[in-house]
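**Student:** Got a predicted model here, sequence first, then my questions.
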Amino acid sequence: MSRIGKLPITIPSGVTITIAADNEVTVKGPKGTLSRKLSPDMTIAQEEGKLTVTRPNDLKRFKALHGLTRTLINNMVIGVTEGYVKKLDIIGTGYRAAKAGNKLTLNLGYSHPVEMIDPDGVLSEVEGANKITVSGIDKEKVGQYAANIREKRSPEPYKGKGIRYENEYVRRKAGKAGKK
């Protein structure tokens, strides 16, 4: 039995989950609504404030889908109640970010500013000139947008300059050795 898949999902108050045909799961909560089509092979049952996911048999494919299905539904429940946040730090002389409307402008040492538009359901905020907060209710979208921002100037190992996640550790390398 899957250690993750067998755990029931507790449904907090204020959250409603509807399961339509072909496992189309819709989760409504105080922060918004998320909908996702899940594998029709899994059986999703809702009773007394709990949601359980069961698999038809112990084939390898179903074992893999069991935990995945449960985790995807749980992420949707957490998203509509608490939401997800990713924080990024910009490190480097002259590197900075600015926000105007839904457009994020990054100055990262290139000859031109890098402009990014917030996707639907994701909000980015700039604190000071070198901290970016990406938030939203969909875990996948928040993580992907934060990764796209980080990709514009990944941290380099020699000086540590670039965009990194808040608690990310960048392993530093020694530079050139001098003459002896």
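**Tutor:** All right, it came through fine. Residues are numbered from 1 along each chain as shown.
**Student:** which SS class is the residue most central in space within the chain?
**Tutor:** The centroid of the chain falls nearest to G143 when counting by CA atoms, centre = their mean (2.9 Å). Following DSSP: H, G, I helix; E, B strand; the rest coil, we place G143 in the helix state.
**Student:** from memory it sits against K86, does it?
**Tutor:** Yes: between G143 and K86 there is a contact under CB atoms under 8 Å: 6.5 Å. For the C-beta atoms, the positions are set from N, CA and C on the backbone; glycine is no exception.
**Student:** Mind jotting down where the helices sit in this structure?
**Tutor:** Assigned by DSSP state H, the helices in the chain fall at 60-81, 139-151.
**Student:** any chance you could map the strands in this structure?
**Tutor:** Assigned by DSSP state E, the chain shows strands spanning 9-10, 16-19, 24-29, 32-37, 43-47, 50-54, 84-91, 96-100, 103-107, 114-117, 122-127, 131-136, 162-165.
**Student:** Quick check: neighbours of the longest one in the sheet, parallel or antiparallel?
**Tutor:** Here the strand partners of strand 84-91, with direction, are listed using DSSP bridges: strand 131-136 (antiparallel), strand 162-165 (antiparallel).
**Student:** Touching it from outside, list them.
**Tutor:** 78, 96-97, 106, 108, 129-139, 142-143, 146, 149-150, 155, 160-166 (CB atoms under 8 Å, 6 or more residues apart in numbering).
**Student:** try it again with 6 Å
**Tutor:** Contacts to strand 84-91, defined as CB atoms under 6 Å, 6 or more residues apart in numbering, come from residues 97, 130, 132-135, 139, 142, 146, 161, 163-164, 166.
**Student:** Quickly check the residues you listed for the two that are furthest apart.
**Tutor:** By the measure CB to CB, K139 and K161 form the most distant pair in the contacts of strand 84-91, at 28.7 Å.
**Student:** quick one: average confidence on stretch 52-67?
**Tutor:** For stretch 52-67, mean pLDDT rounds to 91.
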